[in-house]
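**Student:** Need coordinates for the below:
(3 chains)
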Amino acid sequence: MRYFRLKKRKEFSAVLKQGRRAYAGSLAIVYMPSETLKMAVCVGKKYGKSVRRNRIKRLLRAAFSQYAESIVPCSVLLIPRVAETYSFSVFSKDIRKILEREHLIAHQS
RNA sequence: UGAGCGGACUGCGCGGUCGCGGCGCGAGAGAUCGCGAUGAGGAAAGUCCGGGCAUCGCAGGGCAGGACGCCUGAUAACGUCAGGUGGAGGCGACUCCAAGGAAAGUGCAACAGAAAUAGACCGCCCGCCGAAUCCCUAUUCCGAUAGGGCGCCCACGGGGAGACCUGCGGCGGCGAGCAAGGAUGGAAAGGCGAGGUAAGAGCUCACCGACGGGACGGUAACGCCCCGUGCCAUGUAAACCCCGUCCGAUGCAAGUUUGGGACUUCUUCAUAUAGGGUUGCCCGCCCGAAGAAGUCCGUGAAUAACGCUUGAGCCUGUCGGCGACGGCAGGCGUAGAUAAAUGACCGCGCUCGACAGAACCCGGCUUACAGGUCCGCUCAUAUC
RNA sequence: GCGGGAAUAGCUCAGUGGUAGAGCGUCACCUUGCCAAGGUGAAUGUCGCGGGUUCGAGUCUCGUUUCCCGCU
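**Tutor:** Numbers count the residues shown, from 1 in each chain, chains lettered A, B, ... in the order given. Predicted structure coming up:
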């Protein structure tokens, strides 16, 4: 089971307005229940130039896709924290921590 | 060997597992799945120029505005490039230069300096008048000049409260001549030397510079030579400006197509010297505009498809050209996303990997960039 | 992606190519028993940064950095 991308501005606003927020050390997650699993990352200009922003987005997508199989259907926004350096292992660990705390993991394999 | 100059290229590699965006093939009613090949740069950046392309305007005209500026060529075009000219820098290889016009006109040139785009303040020299006008020696064209001494009564300068001391034989006024000298300044009416003169002056002469004319070389910018003119007009045009060349506006969020458009009614604004559109303005040209409700249809709306990648394309060879570049022949098929694709993990290697991510497409410019490779050349030193 | 604008004292802003200014703030003094208000005086600048033009640049010009605004 793969995830879909969250594209529409309406959906973005809806999630940001009505969604539930959860925080870990390196990032924040905003989510609300929906029919299918949808995900988006938020990386604005404040994170640096385009190479740096692309790097952050790739790391977040890669980290998220590890758990995509097992998450209950909902709309998810990943918002990283501004930092000096970013790493896959820290993102992966923090996403897992949040998913477990918020009971978003459906069937543990 | 050291220091340096110019040009070209490269800018992590190999293997495995799991993933991402187009594309092709296959399966499936469809969602989707499988396989295969492919997938960021030299600057993709800044958006500083030039084009293509698209829409609007096209009887169009004028004004304004903008850009550029040695010459010749290259090019679709350019503010780019190539080759040359002139100037500046460097021992040199070589590098840099927005490099037309200041006798078309206007403006500006602070401070300093006597004076700033033109004059005569000081000064030099001659004549006259006034004060004063010592002595010795030499020369003498009998005006004086040079050297030495004496002296501060008179004049000028300096010092001192003053008496006075001291430099000097020295001054002041008027008139005429001159523009050589005068601590300034970025710039002071060609420079330097000689002659000349009462003192001076391109007043005269040589050389250099400037200007004008001519011959020769060069497509030209320009170079070089000869002759002439004593020479007169500072700088600034990246101040206004003049001359020459060029420019319609807006930018793919341009724009095209489909899907909601048609009809009826009402309201609001404007109603012709008005308003809107057309290029910033004027003339000219064209035209009413916006909203709401009802009926039919449809429902995804900053959306979908097209534009969207075969193009002034890239590579190789050859020919023409000093070169930029162009001609011919052969070969190649090389990202097209749209909340937006290259990542994660593991292993090995080394010098431990810089600047940095396509968004309509090209040609340039500019800026950023760890390191590495190659070619050509210069200077210094040593040896042969 | 495309187009436009700004940067001057701690803050808000002026500024004709010729010595960088105003207001608020800061500091010192006067005034007051003390504070505020008032008065007098003073300090404060890489004119964002780097080249060029000019005798001379905050101003003209080229590049660069940062920030702001508009366009669906």
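
**Student:** do the helix or strand containing residue A:62 and RNA strand B meet at all?
**Tutor:** Here residue A:62, judged by DSSP states H and E, is contained in helix A:50-65. Yes: using Cβ under 7 Å from any atom of the strand, we find that helix A:50-65 touches RNA strand B at A:50-51, A:54-55, A:57-59, A:61-62, A:65. The way it works is simple: take the backbone N, C-alpha and C, and place the C-beta from them, glycine included.

**Student:** Residue A:74: how many residues sit nearby?
**Tutor:** Residue A:74 has 19 neighbouring residues, counting by other Cβ atoms under 10 Å.

**Student:** which residues pair with it across the strands?
**Tutor:** Legend: beta-bridge partners of residue A:74 under DSSP bridges are residue A:33.

**Student:** Identify the residues contacting residue A:33.
**Tutor:** Taking Cβ atoms under 8 Å, 6 or more residues apart in numbering, we find residue A:33 in contact with A:72-75.

**Student:** out of those residues, which one sits closest to RNA strand B?
**Tutor:** Within those, the smallest distance to RNA strand B is 11.3 Å, found for residue A:75 (Cβ to the nearest atom of the strand).

**Student:** Could you find the closest non-adjacent residue to residue A:27?
**Tutor:** In space, and not counting its chain neighbours, residue A:27 is closest to residue A:80: 4.6 Å by Cβ to Cβ, 6 or more residues apart in numbering.
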